[in-house]
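K.L.:
how would this look folded up:
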Amino acid sequence: MLKLKYLLLMLIPLCVLNPVLAQQVKVSASLERDSIWLGDQIRMILVAEYPEGVKLTFPEPKDSLGYGVEVLSRSARDSSRIGGGLIQMRQSYVITAFDSGPHPIKPFLFAGQANNRADTVRSNALSLFVKVPDVDLKKGFADIKKPYKAPVTFKEVAPWILGIILIASIVFLILYAINRRRKNIPLFTMPAKPKLPPHVVALSELDKLKEEQLWQQDKVKDYYTRLTDIIRTYLEERYEVPAMEQTTQEILSQFKGETTQIKGKLYSGLQKTLDIADLVKFAKSTPLPDENHFVMVHAYSLVEETKPETLETVKKQTLPNTETSVEKIISGPNEIEKQS
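P.N.:
The predicted structure follows:
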């Protein structure tokens, strides 16, 4: 009799554990709506509220809840504090059913532990009703409903855009190459080098001619032809006159007068150089060595004394302090003003 008394005392805490845990933990199960069409999807939500000291384990439903209800996906568990020392945990499931009629869903069991004692808490049961669309058999079979159109994303369109840009670039390059080939223009050209000043080119050509020593090798005609070409090219580039196409008299007439840059010794030297060259090229005259040397010295002097840097220096040196007057001097077709 005494042993039976102790056994009853041991069973009393086990009997009262479940009501105590049930008072501390609240669990519930719910559906978005209580009915769906055949094959449609619906969301089922499990919610539990419990004190912070209670350890609660959510149920782990399988892929099927029984009675034809299938679990398609499940979300991660989300927990938050709701005040009063309580924690709320929730998890949602996407379910469906392919059989018509009512589909009961059994309560879910939550395992809990409080004060080192474990027990379970049961949620409410659910009922899902699956409807079937009314079909008029007299109308015969209908076409399958077309799937819903999903919105087009940039990730799907990007390959097409890049492909169109690539094809357009290739077509443009082909047409560009054909057009340049018809015009006999190279497909790729190097940028043009900056043009050197006329006096730099002329002095460089005079240096080359001097080193070749043509008149010392009895190539007098070649010597004067090259020399006059250098002088004519310099005058044409420097003063923008067609010196390469003009005769000696036409060239001299453009620089005749006191208002030109080429005057005095420069003018007389230019006249003598061109006259000797004409005699050599057209009358087969043979100048003296001193004359050959003179025309080279004069050519250097002509370029050095008429290059822009020299003229600017002369302008600064001859500028009066008290009086200034503007004198126009010929510089090809254009006129520049010089302080004198």
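
K.L.:
And the strands in the stretch 51-200 of the chain?
P.N.:
Remark: strands assigned in the stretch 51-200 of the chain by DSSP state E, counting those that start in this stretch are 55-57, 64-66, 69-74, 78-83, 86-97, 101-105, 109-114, 117-122, 126-131.

K.L.:
a markdown table please, covering these and showing mean pLDDT and distance to Arg226.
P.N.:
Backbone N, C-alpha and C define where each C-beta goes, glycine included. Below are those laid out as a markdown table (pLDDT from 0 to 100; distance: least, CB to CB, whole Å):
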| stretch | mean pLDDT | distance to Arg226 |
| --- | --- | --- |
| strand 55-57 | 84 | 107 |
| strand 64-66 | 84 | 105 |
| strand 69-74 | 91 | 94 |
| strand 78-83 | 86 | 96 |
| strand 86-97 | 91 | 96 |
| strand 101-105 | 90 | 110 |
| strand 109-114 | 83 | 110 |
| strand 117-122 | 82 | 114 |
| strand 126-131 | 91 | 107 |
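
K.L.:
which residues sit against stretch 28-42?
P.N.:
Around stretch 28-42, the neighbours that count as contacts under CB atoms under 8 Å, 6 or more residues apart in numbering are 43-48, 72, 94-100, 105, 107-108, 123-133.

K.L.:
just the buried members of those?
P.N.:
44, 46, 48, 95-97, 105, 108, 123, 126, 128, 130 (16 or more other CB atoms under 10 Å).

K.L.:
Which member of those is positioned nearest Glu156?
P.N.:
Among the buried ones among the contacts of stretch 28-42, Thr96 lies closest to Glu156 (CB to CB), at 27.7 Å.

K.L.:
Can you give me the distance of the closest one to Ile105?
P.N.:
Thr96 sits 13 Å away from Ile105, going by CB to CB, to the nearest Å.

K.L.:
In the helix or strand containing Glu237, which of the residues would be classed as buried?
P.N.:
Using DSSP states H and E, Glu237 sits within helix 220-239. Within helix 220-239, the residues that count as buried by 16+ other CB under 10 Å are 220-221, 223-224, 226-228, 230-239.

K.L.:
Which strands or helices does it pack on?
P.N.:
Where contact means 3 or more CB pairs under 8 Å, 6 or more residues apart in numbering; DSSP states H and E, helix 220-239 is packed against helix 198-212, helix 248-254, helix 265-283, helix 289-306.

K.L.:
In JSON lines, list those along with distance to Gly85 and mean pLDDT.
P.N.:
Formatted as JSON lines, the helices and strands packed on helix 220-239 follow (distance: least, CB to CB, whole Å; pLDDT from 0 to 100):
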{"stretch": "helix 198-212", "distance to Gly85": "95", "mean pLDDT": "90"}
{"stretch": "helix 248-254", "distance to Gly85": "110", "mean pLDDT": "85"}
{"stretch": "helix 265-283", "distance to Gly85": "111", "mean pLDDT": "87"}
{"stretch": "helix 289-306", "distance to Gly85": "104", "mean pLDDT": "89"}
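
K.L.:
Relative to Trp160, which of the ones you listed is closest?
P.N.:
Minimum separation from Trp160 across the helices and strands packed on helix 220-239 (CB to CB) falls at helix 198-212, 56.7 Å.

K.L.:
and the closest one with helix 220-239, angle?
P.N.:
Interaxial angle of helix 198-212 relative to helix 220-239 (axes from the mean of the first three to the mean of the last three CA atoms, to 10 degrees): 170 degrees.

K.L.:
can you pull the buried residues of helix 198-212?
P.N.:
Applying a neighbour-count criterion of 16+ other CB under 10 Å, one finds 198-199, 201-203, 205-206, 209 buried in helix 198-212.

K.L.:
out of those residues, who's nearest Lys284?
P.N.:
Leu209 (20.9 Å).
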